[in-house]
Every structure is written in structure tokens, then in C-alpha cells.
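Asker: need a 3D model of the following:
(chains A and B)
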Amino acid sequence: MFRFIAINKKILVAFLLLAGVFVLLSPEIKETPRYFLFEKPFVSAINLIQSGFGLIFIQTSTTWDIYADLIGVKEENQRLIEENKRLRSETASLKEKASAYDRLIQLLKVKDSIHVDYTVASIIAKDPTNWYSSAVINKGEEDGIRPNMGVITEDGVVGRIVKTAPHYSRVLLVSDRYSAIAGAIQRTQDEGIVVGGEGRVLMLHYIMIDSEIQDGDVVLTSGMDGAFPPGIVIGTVNRVESPKNALFHSIELIPEVSLSKVREVMVLKTPQPPEIEMLLKEDTK
Amino acid sequence: MFAWAIFVLLLLAFQGSILNPFVIGGIRPDFVLIAVYLFGLFHGDIKGGFIGAALGFIVDILSAGPVYYNIFSKFFIGYLGGIIGRWLQNPGYLLHAGLIFTVSLLQGTGIFLVLMFFGVARFPGDLVSIAIPQSILDGVLGGIAYLLITYRRRETISRWT
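Answerer: Got it, this is the predicted structure:
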């Protein structure tokens, strides 16, 4: 076959032209929230192998961690006893505050917006290129995962779901150049958009120059994007620049989650906007 | 053929795997690029080109990029590998390391231009922190891979003569 093509250079040119048309159409394919029919077999086969790799990695690292944990366990135990004492007194104080909070919530009849159903998933692969920050998780549509759902860990925001298959989903990490999450500064309540920056940092855009933001301020999700409930930590302000005559600050954030080390995540099953549900329904028909 | 299919699947799975031990400072070497270049070198331009296009297509499916770009870049890298294989006689691993560095840098520049078209490129950050380190890593690993393949081939030939 290759010999035949080598003789007929016209076929080679035709292939390149067809590939060119395909590439020009590809942004449309890439934007859809579900994998296309021709993409599914490749994604399933490769993600299956990557799941195996992931399993080997988890088993090996768990065994190593157990061994490493045994070293210096006595000192660690002493330190934990001390910490336990301190935390007990803190818990008593916090319990009192929590009950006061519950009473106030009852009074205001406000629904607790942070309570969202979630599912736990493992990261099985990362983006094969260095240009984009994405990851594949081992849960998909059959586990109730839909595009635009938020992905977090106990530390903070990881990213959001951009593409789904029956058993796998792609997460666009918060550090990616295409990522955009609605955020708010905890101390001042100024709202902006958190996007991926150069390297491992994030940028907080659209914070007005008159805002009194400072280094060390914590940035939380504002809940305006529909993917995350308000109050989840995104990162901490690392650097603030206020250029003369500019309308907005230039703010650099350090993400709270170490994105290169994260292995287990929680997918928040936030209710999806009607347009995404409609797109998914159309695709299944 | 079956062995090749298995090798390709494993290579693609390994490229994005969290088990990849070759990731240095967050930079992942492009094993597919190295494999396509070497395949073109030993099997000719047409085969190299088409294998490159096929593997590039799968890389594009697995990547979060905005466009199917690797289908083209890997086609040309495979094709170029074939042409180099035909023109150069016993060029040595250092020259191949340099050539793999060059094609990887060209591929990176191409991606940068695509991102520029979409308005999301970061200059010079993308070139300094992604394209150049990746090209160096690809060049080094490509040179080692070439050395290993030729060493094995020489061993096989000497065993038969």
C-alpha cells in the first residue's frame, strides 16, 4: 500500500488536503462536550492502559509511603499528642461558633450553598503534551459526571470537566491557559476571573485598581460560574502590580492545590445549565 | 503488525501516563515525536509520514489543544526522518540528537503560532519554558534511542556473520 502511495504522489497530496480540511474543522470537534464517535475507541483503549499504569503507580507509591512513614514515627507521635491537645480546645470553641452559625442560618432561612453532591475519582493520565494542563479521571457519564462540573480536593480547586466519555472524563486544570473560574478575594470580597498563568501560577483578572488587595490574601470561588459553589479556596495572592493609569491590578496567585502531585479528586455534581443538558441529549439521539 | 499495534498503544499510553519517569521539571518528552522520526529514518519517508499522521491524530484526541495540530506536525517529522535517512550515510547519534532537537523546536514554534492565532500564546514564556526545554529533552532522549537501536542492529548483524 505504501509503495502504491509512493508511486502515486497525487494520493499523498490529496491526503494532505483532506487532513488540512479536517484540521480546519477540528476546533468545532474539540469544543464539543462529548468525545466524537471516531475518538471513542482510541480514548477507551488508551485510557484503559493508562488506568493500569496508574494502578501500578498507586500500589508502588503506597508501599513506599508505608515504609517512609515508619521512619521517625516516635517523634511524629509525640508531636501529634501535643497537636491533639491544642485541637481539642480549638474544637470546643469552634463547636460553640458552629451552633451559633446554625441558629443564625435558621433565622435567615438561607440554604447552605456549599452542600453539593460529589463523587470521588482518581487521576489516571495527564495531557500528552506540555502545552496544555489537563488530566483524565476514571469516572465518566455513567457515574453522573457532566461537562462543566467542578473538580476539587480537600485543599481547593483543581479544575473543571470539559469532555466526557462513558467511563472517563477530561479535566481542564485551573493552571491551563483556557481555564477561567469566577473568584473573589476573601478579605475584600472583590470579584474577578482566575485564569492560568505562566508556569505553575494563576492570574486574577478584573480587580479594580482601587481595591485594597495585598500579598497573602486568599482567593475563593465566588460561585458565579455555575461550576463551583462559593467559598472553595483557589489560591493565595503572591504578587500584586498596580501599573500607573491602569484600570485593573495585575495579580499573581499560587494555587492551593499542588497540581502536579494530586492523584484523587472530588467531582462536584452541580446542576448543569440547560444548554449543556440539551447538547448532551442531542448527542445521544 | 500486531506487535507494532501493541507497541504504538503502549507508547501513546505511556506518553500521558502519571507513571512517566522521564518528566523533568514538569516537562514531558515527546516520545511519539522521537518514535516517528526514527521510524521514518529506518522505514522511509512515505511510511514515516503516514505513521506520523496516524500517531499525531491519536495524540490530538488525547490532548486538550484547540486544534488537531499533531496530525500535520508528526506527518512532516516522519516524512523528514525518511528523507534524512535516504540522504545521510552513517551520520552518528550526535547529529540525530541535533536533528531531533531541531524538529522538536520547529514543532513547538508551530504550536506557539497556532496558540497565537487563538490569542492565548504567551511570549516569550511559552518558548523559553516549554518549547526549548522540551526540544533539548527530545534531542537527548532521541540521540540515546538512536544509539540503542543501531547498537542492537549491529549486534544482530555481527551474530549472523
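
Asker: spatially nearest residue to residue A:162 (excluding sequence neighbours)?
Answerer: residue A:172 (4.5 Å; CB to CB, 6 or more residues apart in numbering or on different chains). Backbone N, C-alpha and C define where each C-beta goes, glycine included.

Asker: report pLDDT for the closest residue to chain B within the stretch 151-285 of chain A.
Answerer: Nearest to chain B in the stretch 151-285 of chain A, going by CB to the nearest CB, is residue A:198, at a distance of 4.0 Å. With respect to pLDDT, residue A:198 has a value of 82.

Asker: and if you look at residue A:74?
Answerer: 79.

Asker: repeat that for residue A:103.
Answerer: We have a pLDDT of 71 for residue A:103.

Asker: and the gap between it and chain B?
Answerer: Per CB to the nearest CB, to the nearest Å, residue A:103 is found 46 Å from chain B.

Asker: what pLDDT does the most centrally placed residue in chain B get?
Answerer: The centre of chain B sits closest to residue B:33, judged by CA atoms, centre = their mean, with a distance of 1.2 Å. What the model reports for residue B:33 is a pLDDT of 95.

Asker: I figured it hits residue B:76, correct?
Answerer: No. Under the criterion of CB atoms under 8 Å, residue B:33 is not in contact with residue B:76, lying 10.9 Å apart.

Asker: now the common contact residues for those two.
Answerer: The overlap between the contact sets of residue B:33 and residue B:76 (CB atoms under 8 Å, 6 or more residues apart in numbering or on different chains) is empty.

Asker: where do the strands of the stretch 101-250 of chain A begin and end?
Answerer: A:118-126, A:134-137, A:150-152, A:157-164, A:169-173, A:180-185, A:191-196, A:202-205, A:218-221, A:233-241, A:250-255 (DSSP state E, counting those that start in this stretch).

Asker: Throw these into TSV and include mean neighbour count and distance to residue A:24, thanks.
Answerer: What follows is the strands of the stretch 101-250 of chain A, written out as TSV (neighbours: other CB atoms under 10 Å in any protein chain shown; distance: least, CB to CB, whole Å):
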stretch	mean neighbour count	distance to residue A:24
strand A:118-126	20	28
strand A:134-137	26	23
strand A:150-152	26	31
strand A:157-164	24	20
strand A:169-173	26	23
strand A:180-185	23	25
strand A:191-196	22	26
strand A:202-205	21	30
strand A:218-221	22	36
strand A:233-241	17	36
strand A:250-255	20	35
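
Asker: correct me if wrong: residue B:16 contacts residue B:61.
Answerer: No. Between residue B:16 and residue B:61 there is no contact, the gap being 11.0 Å when judged by CB under 8 Å.

Asker: give me the buried positions along stretch A:139-152.
Answerer: The neighbour-count check on stretch A:139-152 (16 or more other CB atoms under 10 Å in any protein chain shown) flags A:139, A:140, A:141, A:143, A:145, A:146, A:147, A:148, A:149, A:150, A:151, A:152 as buried.

Asker: my guess is the second one meets residue A:169, correct?
Answerer: Yes. Using CB under 8 Å, residue A:140 and residue A:169 qualify as a contacting pair, with a distance of 5.1 Å.

Asker: can you show me the helices along chain A?
Answerer: A:2-7, A:9-31, A:40-70, A:73-108, A:274-284 (DSSP state H).

Asker: please state the offset of the fourth one from the chain centre?
Answerer: Relative to its parent chain, helix A:73-108 has a centroid offset of 29 Å by CA atoms, centre = their mean, to the nearest Å.

Asker: quick one: it to helix A:40-70, angle?
Answerer: If you take axes from the mean of the first three to the mean of the last three CA atoms, to 10 degrees, helix A:73-108 sits at 120 degrees to helix A:40-70.

Asker: got the residues of the stretch 101-250 of chain A near chain B?
Answerer: A:123-134, A:136, A:162, A:170, A:172, A:176-178, A:198-200 (CB under 8 Å from any CB of the partner chain).

Asker: run the last query once more with 6 Å
Answerer: The stretch 101-250 of chain A comes close to chain B at residues A:125, A:126, A:127, A:128, A:129, A:130, A:131, A:132, A:134, A:177, A:198, as judged by CB under 6 Å from any CB of the partner chain.

Asker: for residue B:35, see how far away the first one is.
Answerer: Spelled out, it's residue A:125. To residue B:35, residue A:125 is 18 Å away according to CB to CB, to the nearest Å.

Asker: how about low-confidence regions in chain A?
Answerer: Scanning chain A for pLDDT under 70 picks out A:1-8, A:106-115, A:273, A:275-285.

Asker: could you list the domains of it?
Answerer: A:2-31, A:180-255 (automatic domain parsing).

Asker: residue A:100 is nearest to which of those?
Answerer: Set against residue A:100 and scored by CB to CB, the domains of chain A come closest in domain A:180-255, at 18.1 Å.

Asker: now the end-to-end length of the closest one.
Answerer: 13 Å (CA to CA, to the nearest Å).

Asker: chain center to it, what's the gap?
Answerer: That offset, for domain A:180-255, works out to 16 Å (CA atoms, centre = their mean).

Asker: how many neighbours does residue A:60 have?
Answerer: Residue A:60 is flanked by 11 other residues according to other CB atoms under 10 Å in any protein chain shown.

Asker: residue A:20 now?
Answerer: Considering only other CB under 10 Å, residue A:20 is surrounded by 12 other residues.

Asker: measure it to chain B for me?
Answerer: Taking CB to the nearest CB, one finds residue A:20 at 8 Å from chain B.

Asker: ok, and the closest non-adjacent residue to that residue?
Answerer: residue B:72 (7.8 Å).

Asker: element containing that neighbour?
Answerer: Applying DSSP states H and E as the criterion places residue B:72 in helix B:70-87.

Asker: check residue B:48 too.
Answerer: helix B:45-62.

Asker: just to revisit the earlier point, deepest-packed of the helices of chain A, please.
Answerer: helix A:40-70 (a mean of 15; mean count of other CB atoms under 10 Å in any protein chain shown).

Asker: wait, does that helix contact chain B?
Answerer: Yes. Residues of helix A:40-70 are located near chain B by CB under 6 Å from any CB, namely A:42, A:46, A:49, A:50, A:53, A:54, A:57.

Asker: so what's the backbone phi/psi at the nearest residue to the third one once chain neighbours are set aside?
Answerer: Translated: residue A:49. Nearest non-adjacent residue to residue A:49, counting by CB to CB, 6+ apart: residue B:13, 3.7 Å away. Dihedral angles of residue B:13 (phi, psi; degrees, to the nearest 10) stand at phi -70, psi -40.
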